[in-house]
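Asker: Turn this into a model:
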Amino acid sequence: MPIEIDQFMCRSDNFGVLMRDSRTGETALIDAPEEKPILAAIERTGWTPTVILTTHHHPDHVEANLALKERFGLKIIGPKSEAANIPGIDETVEEGSVLKFGGQEVLVYHTPGHTLGHVSFHLPEAKLLFAADTLFALGCGRLLEGTPAQMWASLKRLSALPADTTVYCGHEYTQSNARFALSVDPDNEKLKDRAAEIDALRAEGKPTLPTTIGRELETNPFLRPHDPAIRRLLGMEGASDEAVFAEIRKRKDNF
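Answerer: From the prediction side, this is the model:
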């Protein structure tokens, strides 16, 4: 496959991701949560990044920016509206920006909700999505800056991508997300099977990511506010999808 991915843990529950175009050798880092594990991944793979693709400004996604820039002289690209809070940023992107990575196009989507300027990176040819803290496996990011309407619009945007799109997220939250998902969608057999699979993976110390758009559409309650069973459980049969989503997010915040 032209695009190779190395996913590894940073901090307590962040994912780091190195992405390499095998034809050109060009390598990108998706966010920079922590220097030491990133350096270990670079040494283990032999892939030296020339660019960091930054999704949003939170410290656990940009902490290693300056150290890595000093060490490797790499370029840091991130959302225009959050540039003032992204250390070492060289180039800004926004909705509709298109980047070149090796032989691939990288499409930039503005996906606010978790933060107001959050962006996601999509490689259509490789069927890859880097959603960071917008879309999680069985979850979505907390609304630390945005509104339910903004996050629901962002999730609808991402969920419309092809079902076989592979999704990389910012954190290993899947097991706790599964417990919550079952509280609002308890009769979903695919969700029950997935929760058991997740428990087995975590018991073995294995990651639960990546996921796919198709799998999230089947099991992630934040992408399923239209589902009649979820609506009945919430007592919101006649509500809008946005209102049901907002209630699910509120319940997760207090779970």
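
Asker: buried ones in the top helix by length along the chain?
Answerer: Longest helix of the chain, by residue count under DSSP state H: helix 189-203. Going by neighbour count (16 or more other Cβ atoms under 10 Å), the buried part of helix 189-203 is L191, K192, R194, A195, I198. Where you see a C-beta, it was placed from the backbone N, CA and C, and this is true even at glycine.

Asker: packing partners for it?
Answerer: With contacts taken as 3 or more Cβ pairs under 8 Å, 6 or more residues apart in numbering; DSSP states H and E, helix 189-203 sits against helix 174-184, helix 213-219.

Asker: Adding distance to S183 and pLDDT, write the buried residues of helix 189-203 out as JSON lines.
Answerer: Below are the buried residues of helix 189-203 laid out as JSON lines (distance: Cβ to Cβ, whole Å; pLDDT from 0 to 100):
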{"residue": "L191", "distance to S183": "11", "pLDDT": "98"}
{"residue": "K192", "distance to S183": "12", "pLDDT": "98"}
{"residue": "R194", "distance to S183": "15", "pLDDT": "97"}
{"residue": "A195", "distance to S183": "11", "pLDDT": "98"}
{"residue": "I198", "distance to S183": "15", "pLDDT": "98"}
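
Asker: from the residues you listed, which single one is nearest A246?
Answerer: Closest to A246 out of the buried residues of helix 189-203 is L191 (20.8 Å), distances taken as Cβ to Cβ.

Asker: Which residues are in contact with that closest one?
Answerer: L138, A178, A181, L182, D185, E218, T219 (Cβ atoms under 8 Å, 6 or more residues apart in numbering).

Asker: where does it sit relative to D21, distance-wise?
Answerer: Plainly put, L191 is 35 Å away from D21 if you go by Cβ to Cβ, to the nearest Å.

Asker: same check, this time on T54
Answerer: According to Cβ to Cβ, T54 and D21 sit 19 Å apart.

Asker: Need the residues that contact stretch 96-105.
Answerer: For stretch 96-105, contacts defined as Cβ under 8 Å, 6+ apart pick out 2-3, 19, 21, 23-24, 26, 28, 51, 53, 77, 93, 106-108, 121, 123-126.

Asker: So which of the residues you listed are in strands?
Answerer: 3, 19, 21, 28, 51, 53, 77, 93, 106-108, 121, 123 (DSSP state E).

Asker: for these, which one is nearest T134?
Answerer: Taking Cβ to Cβ as the measure, F121 is the one of those closest to T134, at 11.0 Å.

Asker: mind checking the SS state of the closest residue to the closest one other than its chain neighbours?
Answerer: Counting by Cβ to Cβ, 6 or more residues apart in numbering, F121 lies nearest to F130, which is 4.4 Å off, once chain neighbours are set aside. Classification of F130 using DSSP: H, G, I helix; E, B strand; the rest coil returns strand.
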